[in-house]
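S.K.: What follows is a predicted structure for the sequence shown.
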Amino acid sequence: MEHNREVEIDGNSNPIQISRLALDIGGSLIKLVYFSRNSGDDEDPPKDKVGVSSGVNGRLHFAMFETAKINDCLQFISANKLLLGGGFQHQENCTNGMSFIKATGGGAYKFSELFKEKLGIILEKEDEMDCLVTGANFLLKAVNQEAFTYLNGSKEFVQINHNDLYPYLLVNIGSGVSMIKVDGDGKFERVSGTSVGGGTFWGLGKLLTKCQSFDELLELSHRGDNKAIDTLVGDIYGGMDYSKIGLSSTTIASSFGKATSHCKELEDYKPEDISWSLLRMISNNIGQISYLNALRFGLKRIFFGGFFIRSHSYTMDTIAVAVHFWSKGEAKAMFLRHEGFLGALGAFMSYERHSLDDLVVNQMMPLPVNASLGTDTNYDPLNGDINGTESIQCSVYRA
Ligand SMILES: Nc1ncnc2c1ncn2[C@@H]1O[C@H](COP(=O)(O)OP(=O)(O)OP(=O)(O)O)[C@@H](O)[C@H]1O
Ligand SMILES: CC(C)(CO)[C@@H](O)C(=O)NCCC(=O)O
């Protein structure tokens, strides 16, 4: 896979300078975040409060690869010269000719030798939970229209009050699920988790439907009908609601309950129905466990991140309905536009905490909605373009 740096990154043929690359190498996906300064920025650096030039404008780029195809990722980094780090600062502390790159996720440990061998870089490991929280706090505070609710098919952006953000529950749905109570910047506790997560949906879905890609499995669910596989309350109650305990006839009484039928084999079920039932089962379960943890700590807001969500309407709807149902409307499920990049952003932000150059990203200037990741025009989660790069405008300042 060959990526044209100039065309893909800023759409023109000027040489651009890449600074700071950070990675989140997860069980399923590798996420990359990197900064490129705007071409010609030398003439027009942003000014600080007293009018002194102190930083550079540029774009923050996001890309992802399947962890199983890590060689594609290495090639992408190398072909796009993401390690050069020229421009306004030095991201690498060079030791014996080796550069350091911030990395988080289990793969930062698992693949550290591979990165050293193939690219000559040392992965400087940052704690995964720390990075998730840093990334989420950063997005919620710095990016306009980052968080939104999703109910009955409609998306509503939430205005975040910086003084009233904490505490909240962060639920990161990756291969597995982590639930983190966040009380402030760097103040958090991982309060729960479940192994029934994105890897479960994709793994079971692949076995049961023979789908070849996650996107295909997700796309299938659009055409599915869970009545064919799930046992509904009405199936047990002769078509009636069980209203005394608040269950309507259409509520799922038992996920995959109908698959116990002796007269049917796997081939007798439609892949789209299987995908829909599986998606509902897993999303419902995560929504319910999240609510229970929010209840445990008296948290009213739950932010969901992780690439399992993929801005998928049924997934978000199911999670939101589960949280609404179980909390009787008390707790609110919210989603994030940069859902899958929390950890990578947190690793990216961690350069400030440690680097000698002491840089801080203290201003985020989102482009019009259609220029950022996670929007309908530029980012289509179902188009199968897993390596598509996306970017947002921002400024990086020297502290
Ligand atoms: N193109 C894709 N290929 C594989 N899985 C995908 C894809 N797109 C979305 N997913 C979903 O996203 C999940 C991975 O999400 P994410 O990248 O947030 O987690 P991870 O960092 O890989 O996992 P973990 O944090 O548990 O190590 C997968 O398990 C799958 O459900
Ligand atoms: C192991 C991690 C943290 C790796 O990202 C994630 O996959 C996870 O939170 N799994 C759930 C593990 C559990 O708490 O049961």
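M.R.: Okay, I see it. Ligands and ions are numbered 1, 2, ... in the order given.
S.K.: My read is that H222 contacts L279, right?
M.R.: No. The pair H222 and L279 does not pass the contact test of C-beta atoms under 8 Å, sitting 10.0 Å apart. Glycine gets a C-beta too; all of them are placed from N, C-alpha and C.
S.K.: Those two: which has the busier surroundings?
M.R.: Taking other C-beta atoms under 10 Å, H222 and L279 do not tie; L279 has more neighbours (24 against 14).
S.K.: nearest spatial neighbour of the more buried one, skipping sequence neighbours?
M.R.: S221 (4.8 Å; C-beta to C-beta, 6 or more residues apart in numbering).
S.K.: okay, the one you found: pLDDT?
M.R.: On pLDDT, S221 comes in at 95.
S.K.: Ok, Q393 next?
M.R.: 65.
S.K.: low-scoring stretches of the stretch 201-350 of the chain, by residue?
M.R.: Along the stretch 201-350 of the chain, segments meeting pLDDT under 70 are nowhere present.
S.K.: show me where it has helices.
M.R.: Listed in chain order, the helices of the stretch 201-350 of the chain (DSSP state H, counting those that start in this stretch) span 214-221, 233-236, 271-297, 313-327, 342-354.
S.K.: Tell me the residues of this structure that contact ligand 2?
M.R.: Within reach of ligand 2 by C-beta under 6 Å from any ligand atom, the chain has these residues: G26, G27, G106, E128, G174, S175, G176, V177, S178, G193, T194, S195.
S.K.: What count of nearby residues applies to the third one?
M.R.: The one in question is G106. Neighbour tally, G106, other C-beta under 10 Å: 14.
S.K.: Let's verify the nearest residue to it once chain neighbours are set aside: helix, strand, or coil?
M.R.: Spatial nearest neighbour of G106, chain neighbours left out: G27 (6.2 Å); criterion: C-beta to C-beta, 6+ apart. Assigned by DSSP: H, G, I helix; E, B strand; the rest coil, the conformation of G27 is coil.
S.K.: Go ahead and flag the most central residue of the protein.
M.R.: G340 (1.1 Å; C-alpha atoms, centre = their mean).
S.K.: What's the separation between the nearest residue to that residue once chain neighbours are set aside and T67?
M.R.: Spatially, and ignoring its direct neighbours in sequence, G340 is nearest to F307 (3.6 Å; C-beta to C-beta, 6+ apart). Distance, F307 to T67, by C-beta to C-beta, to the nearest Å: 11 Å.
S.K.: Report the contact partners of the residue of the stretch 201-350 of the chain found nearest ligand 1.
M.R.: Closest approach between the stretch 201-350 of the chain and ligand 1, counting by C-beta to the nearest ligand atom: F307, at 3.3 Å. Neighbouring residues of F307 by C-beta atoms under 8 Å, 6 or more residues apart in numbering: S28, L29, K31, M64, I173, G174, G198, E339, G340.
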